[in-house]
Structures are given as C-alpha cells and as structure tokens.
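Engineer: Fold the following and give me the result.
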Amino acid sequence: MSPDQRPRIVPSVQAIRPPRTWLPALAPWLALVAFFVVPPLVSAALSATGVPQGWLLACLAQAATMIVFALSYNLLLGETGLLSFGHAAPAGLGALAAAHLFNRHLVPLPLLPLAGGLGGAAFGALTALVAARRSGTAFAMITLGLGELVAAAAWALPGWFGGEAGVPIDRASGPAIAGWTFGPDRQAYCVIAAWCLLAAGAIFALSRTPFARLANAVRDNAVRTASLGVAPTRVRATMIVWSAAFAGVAGTLTLINVELAAAESVGMARSAAVLISTVTGGAASFFGPVLGALVWVAFSVGVASVTRAWVLYVGLFFIAVVLAAPDGLAGFVTRQRARFVKYGWRRCRMVWLAGTGAAAGGVLALVLAVQWAYALKFSDEGDAGTGFAALTPGASWCLAAAIVVLAVLACVAGRHARAAAHALDEAGQKEAQ
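Structural biologist: Sure thing, here's the model as predicted:
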C-alpha cells in the first residue's frame, strides 16, 4: 500500500481542542460562593424552624466584611507597594457617613454600602493629597499619623462619632424591598454576602486593568515608570482613592451586621487586623487576602471564644508565617501544589508528613505552655486550660516534661522535613540536567 493510499487519521474535535484553563481560575470563586451559601443551607436544614443559626450568620457576615476589607488593603500593599498603618480610617468614616445618612433619610439598606464607599473615597482623596507623593516608610508614617488624628477626633467630636456609644441604626426602619425589611439576620446576611461577592469581583476586575499594571510598575520601580511618562504620584493617588472606597464598603457591611458604627472602628487595632490578614494570606496573590481574612476570623471568633490568649496566638502565628512563608499562606500552598505536580505524591509524602508532624507537635506544645501560664496567672472560669491551675506538683512536672518532649519532637521532625525538601529539590535539579 502506497503512502497516499493509507487511511488518514483525522483527529477528533476533543483531541484538538485546547485544555480548559478556566476551571482552575473559576475554582476559588466557586469555593467562595459555596462558603457563603452552603453553611446557612445546612444549618437551616438541621434546624427545627428552618432558619439558620444566628451565630453562624454573624460569623459568616464578619468573614465577608473582613474579606472586602483585606482585598481593599491589598490594592495598596500588593498592587502599589504602599504600606498603610491607618486603613481603618476610611472604613470607619465610611460606616459613620452611611449611618448618619440612613438615620436621616432612610435610604434602602442594600444601597447603603454605596454611601459608605463614597465616604471612604472622600477620605482617600484627602489622604492622597498628603501622602501620594511619598512611598515606603514615609507613606507608612503619614498614614499612621492620619489614622491617629481620626482616632483622636472620634473622642473630640462626639456629635459625629457618637462618643463611647457610637452611632446606631435600625435596619428594619428603612424602606422594605419585595417584602424584605432587612431586620431579620438572614435578610441582612444576604445583603452582606451579595455585596462581598460584588466587591470582590469589582476589585478583581480592577486588578486586571492596564491601570493596575501601571500601579505594579510604580511599585517595582517608580523612577523608571516616571521616565516612561507616567506620573507615579497620580497612580498612587488614584489607587489610594479606590482602596479607601472599598474600605468604606467594608466598614458599611460591618455597620449592617452589628447595626452600630463604633468609634473603635477607626483605631489602630482595626488597621493592624487588616495588615495581619493581608500579609498572612499573601499580598502577591488575589485570593491571598481572602485566605488571611478567614484565618483572622477563625482566631478572633473561634479561638477567642475559648481562650483569652487568642491575641498571643495571632501574634505567634503571624511571626511563624512571616518566617516560614514570606509570601503568605497562598504562596506556600502554590509552592506545595507545584511540588506535587512536579514530583507526585510518593516523593512528596515524606516532606509533608514530617512537616505536619513538626507543626502538630510545636502547636500542641505551645498551646499547653500558654494555657498553663494563663491558668496560673488569671485562673478564669470557662477559659480553656483552667484546670491547669489546680494541678498537683507531680502532675505539673509531668506536664512540663510533656511540653519539652513535644517541642523536641517538633524540632526533630522539622529538621527531617527540611532535609527531605532539600534532597527532593536536588534530585529534581539533577533530573532536569
């Protein structure tokens, strides 16, 4: 049979079709939607009244608020390279503006985050006038000063900030829409979750625009960007306004959740929370701040409900992440995923098993030591580890020995994990050569 007479194999449409690359990109969004939808549905199905538990809706609403807040902060830190110590100011001022507007004019509750966003953008414009010409440490110090000025004004202007009581609102006093008064928790939660997804999508779209690429160029090399005809000051100022606007939306979502715009919402503690969330999750990835926000809520709600030492745990966790994974949890997950794709499960399991053992042993030793120390110092009833204060001398020595053994095992497992990872990387380099 001649070559021309041989049957030709025509590839099928499925064979020549390029792989679907949109599925990995869509997976985080589907997971975020499921995070807000599935738990309330499960809670309602298990409830005798068919209504989700109020505490669950409150926790999810707090997570939604923190997600928007962290994403807005990442427009400064991750996209533009601007470290701010006063990001709580536009969030709190936006919430206060929205609260006063709602109490005086009773606008529809679903439109209230727009008012908060405008209030935050107004403060962002004032911040840009002062700080947009600077970057690095100078910008951080300016934002710190502005944040402290706003926090001081919260007590000097009780007519606007409400003093210690804050500015309360009544969600149900606004106009009803399609029979919804937004007084019940589940109706308010639907508004908060919808606005979280909408704001996250808007921030994602903004981060994919040519303007965001200019902000990245200013972050990497402002002098070279200026030599190309782009004014770094104008780029920074625009991004500051956008970031403050979304921060105002986040502050208004908190207002809808708790029905109060408190003076503490503009303080340094709130600014530190969003900084920790963003850096912990990873500023280089879009969904890094989302992951960091969820971790922060887990600490501030879950861990705080069982122990008063939750702030100490947050600080230690933050230090551990910065030392072990400077690119945040998202960067750590990305690196482990790439290692799995390159080497497979069998070659990676030793690294992961040793690392998991080291982390588990270290965390257990730390928790035992901290709760023991807090029990001896405070002896609070209902706090985790309260029984440690009543230990006999013999039991105390056994507990101390257990802590030491766990710490030693964690160190040994950590060394094995590092050695296994180093050997795996060397083997991969030799195979590549």
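
Engineer: Could you list the low-pLDDT ranges of this protein?
Structural biologist: In the predicted model, the chain carries pLDDT under 70 at residues 1-22, 379-385, 432-433.

Engineer: Could you list the domains of it?
Structural biologist: The record's domain split for the chain, according to automatic domain parsing, is 26-326, 344-432.

Engineer: With mean neighbour count added, can I get those in TSV?
Structural biologist: Using the backbone N, CA and C atoms, a C-beta is placed for each residue, glycine as well. Below are those laid out as TSV (neighbours: other CB atoms under 10 Å):
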stretch	mean neighbour count
domain 26-326	20
domain 344-432	15
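
Engineer: any chance of those in CSV, with distance to V333 too?
Structural biologist: Shown next, in CSV, are the domains of the chain (distance: least, CB to CB, whole Å):
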stretch, distance to V333
domain 26-326, 8
domain 344-432, 12
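
Engineer: Of all these, which one comes closest to T334?
Structural biologist: domain 26-326 (7.2 Å; CB to CB).

Engineer: Please state the offset of the closest one from the chain centre?
Structural biologist: 9 Å (CA atoms, centre = their mean, to the nearest Å).

Engineer: ends of it, how far apart?
Structural biologist: 26 Å (CA to CA, to the nearest Å).

Engineer: following the strand or helix carrying Y73, which helix or strand comes up?
Structural biologist: Using DSSP states H and E, Y73 falls within helix 54-74. For helix 54-74, the following helix or strand on the C-terminal side (DSSP H and E) is helix 80.

Engineer: contacts for that next one?
Structural biologist: Outside of helix 80, the residues within contact range by CB atoms under 8 Å, 6 or more residues apart in numbering are A215, N216, V218, R219, V235, R236, M239.

Engineer: separation between the third one and V404?
Structural biologist: What it means is V218. For V218, the distance to V404 (CB to CB, to the nearest Å) stands at 50 Å.

Engineer: can you confirm C411 is in a helix?
Structural biologist: Yes: applying DSSP: H, G, I helix; E, B strand; the rest coil, one finds C411 inside a helix.

Engineer: coming back round to it: so can I have TSV of the contacts of helix 80 showing secondary structure and distance to L275?
Structural biologist: Listed next are those as TSV, based on DSSP: H, G, I helix; E, B strand; the rest coil; distance: CB to CB, whole Å:
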residue	secondary structure	distance to L275
A215	helix	19
N216	helix	20
V218	helix	20
R219	helix	17
V235	helix	22
R236	helix	18
M239	helix	17
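
Engineer: what two of the residues you listed are the furthest from one another?
Structural biologist: N216 and R236 (12.2 Å).

Engineer: Return the distance of V38 relative to L126.
Structural biologist: From V38 to L126 the distance is 41 Å (CB to CB).

Engineer: and what of P113?
Structural biologist: Counting by CB to CB - P113 and L126 are separated by 21 Å.
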